[in-house]
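Asker: Take a look and give me a structure for this.
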Amino acid sequence: MKSDLWAQLINTFEVNTRGSRRKMLRIANFHLSRLQAMKADPFIMAMLLVFEPVLMLYKSMFSNLDSQENLSIGNTVKFTAELNNMSDYWFDEWQTMVRQVFETWTPEFKAIFPRNKEPFQRSQYDMRMVAVEGLHKTLLTYPELKHVADNVAEKLTILNNARNTQTEGFGTTAFTSSMIEEQRLVLADLLDDNLCDLKKKYRKNIKMVENFFDLSELRRPSSDTDSRFASSGAVEQGMTTAVSLPDKLRMSANADTVFVNRSNQVELQCFYSANASASDNPVKLNVLAMQSVQATAADAGWAPGAKYLIVKNLGTVTAEFEVQVTESIE
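Answerer: Numbering: from 1, shown residues only. The predicted structure follows:
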């Protein structure tokens with residue numbers, strides 16, 4: 001038979017921040033500010049001395065996580081750029097080198113490139129890497145193509161290094177995320193302890209306790225996905241496109257913004273605007289082909305009321321882009 005826990009025994013701070021570690025951050029920041037405001041009271045000062053370092057560690061973990069995730073975006077851009085170099089340029093060079101030894105109609109040429117470029121253009125990263133590795137092994141069976149095999153091996157090292165950097169970042173991010181969850185539980189227990197102590201202190205004036213906690217935030221449904229927005233799209237040559245920011249995203253000047261230009265030949269400009277049809281802004285970010293730029297929202301022209309991210313294509317062909325915006329940990 002199920003036995004429900006008495007509501008008064010439930011840690012409301014832990015329950016209401018499950019799946020929303022940034023919500024915990026906002027609640028803890030509010031509590032810290034109220035403790036600081038009342039620190040002239042020795043009782044409150046004792047609470048502050050315990051609570052502040054725990055919260056500072058939590059915020060530091062978030063800063064590290066945001067940095068790691070943004071670095072992962074940059075590492076992925078670099079890796080995909082190398083893959084594109086392979087399919088767009090290196091492959092043609094390898095075929096030209098092989099053709100100097102074996103004509104395209106020979107069995108040897110067909111054995112080396114049985115499906116031409118198709119295996120090297122698949123969307124799956126690892127399958128494209130496997131195709132390059134397979135090509136290298138095949139080339140090693142032809143002594144007269146040693147120079148081609150050496151060239152492929154050199155390029156394969158470049159690809160492997162870029163891939164390793166990318167995947168190592170994923171692992172680091174996973175560990176940091178786990179540590180943040182552990183620290184969320186520590187903060188939840190500490191907030192619950194402070195609630196109990198404050199109820200004892202202000203037993204004769206219990207309404208005072210509410211001043212130390214942001215009850216509206218505590219009761220508001222929220223998840224970590226509400227604190228981060230990601231989008232992608234394409235913008236035609238010489239045109240602009242507007243990306244609408246969700247209402248749940250709490251924008252501020254320090255919101256972390258990452259722009260990724262997926263085009264290999266077009267420069268993009270990105271900026272925030274209150275007007276979806278805006279075509280320019282005094283403050284903006286220029287993102288070169290196959291590059292990513294990380295900046296605060298203010299560096300990209302954000303101001304209160306800006307509900308759109310404008311992407312402007314400065315080139316002569318359609319360009320793809322990605323954007324990620326994360327609430328500031330203030």
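Asker: what ranges do the strands span in the stretch 151-300 of the chain?
Answerer: For the stretch 151-300 of the chain, strands defined by DSSP state E, counting those that start in this stretch occupy the ranges 228-235, 240-244, 256-261, 268-273, 285-287, 292-296.
Asker: do you know which of these lies nearest Asn64?
Answerer: strand 256-261 (12.6 Å; Cβ to Cβ). (Each C-beta comes from the backbone N, C-alpha and C, glycine too.)
Asker: Outside of the closest one itself, list whatever touches it.
Answerer: Residues outside strand 256-261 that contact it (Cβ atoms under 8 Å, 6 or more residues apart in numbering) are 66, 70, 73, 77, 267-268, 270, 285, 287-297, 299-300, 302, 319, 321-326, 328.
Asker: List only those of those residues flagged as buried.
Answerer: Taking 16 or more other Cβ atoms under 10 Å as the criterion, what is buried in those is 66, 70, 73, 77, 267-268, 270, 285, 287, 290-294, 297, 299-300, 302, 319, 321-326.
Asker: For Thr318, which residues are in contact?
Answerer: Thr318 neighbours (Cβ under 8 Å, 6+ apart): Ala234, Val235, Glu236, Gln237.
Asker: by contact count, what packs against the lowest-mean-pLDDT helix or strand in the chain?
Answerer: The weakest-scoring helix or strand in the chain, judged by mean pLDDT, DSSP states H and E, is helix 42-85 (a mean of 80). In this structure, helix 42-85 packs against helix 21-37, helix 125-139, helix 146-201, strand 256-261, strand 292-296, strand 319-326, with contacts taken as 3 or more Cβ pairs under 8 Å, 6 or more residues apart in numbering; DSSP states H and E.
Asker: Mind listing the strands the fourth one pairs with, and their directions?
Answerer: Spelled out, that is strand 256-261. Strand pairing for strand 256-261, determined by DSSP bridges: strand 292-296 (antiparallel), strand 319-326 (antiparallel).
Asker: rewinding a little: for the least confident helix or strand of the chain, what is the distance to the chain centroid?
Answerer: Centre-to-centre, helix 42-85 and its host chain are 11 Å apart (Cα atoms, centre = their mean, to the nearest Å).
Asker: Report the angle between it and helix 125-139.
Answerer: What separates the directions of helix 42-85 and helix 125-139 is an angle of 40 degrees, with axes from the mean of the first three to the mean of the last three Cα atoms, to 10 degrees.
Asker: quick check: angle from helix 42-85 to helix 146-201?
Answerer: 160 degrees.
Asker: Just want the angle from helix 42-85 to strand 228-235.
Answerer: In terms of direction (the same axes, to 10 degrees), helix 42-85 departs from strand 228-235 by 30 degrees.
Asker: Any idea how many residues pack against Val130?
Answerer: 13 (other Cβ atoms under 10 Å).
Asker: check contacts around the residue lying closest to it once chain neighbours are set aside.
Answerer: Closest residue in space to Val130, ignoring its immediate chain neighbours: Pro119 at 8.0 Å, by Cβ to Cβ, 6 or more residues apart in numbering. By Cβ under 8 Å, 6+ apart, Pro119 lies in contact with Met127, Arg128, Val130, Ala131, Gly134.
Asker: same question, Lys23
Answerer: Taking Cβ under 8 Å, 6+ apart, one finds Asn16, Thr17, Glu217, Arg220, Ser222, Ser223 in contact with Lys23.
Asker: likewise Gly238?
Answerer: Contacts for Gly238 were tallied using Cβ under 8 Å, 6+ apart; they are Asn313, Leu314, Gly315, Thr316.
Asker: Please report how far it lies from Tyr58.
Answerer: Taking Cβ to Cβ, to the nearest Å as the measure, Gly238 falls 46 Å from Tyr58.
Asker: how close does Asn29 sit to Leu83?
Answerer: Asn29 is 42 Å from Leu83, by Cβ to Cβ.
Asker: So Phe91 sits against Lys117, correct?
Answerer: Yes. Contact criterion Cβ atoms under 8 Å: Phe91 and Lys117 qualify, at 5.6 Å.
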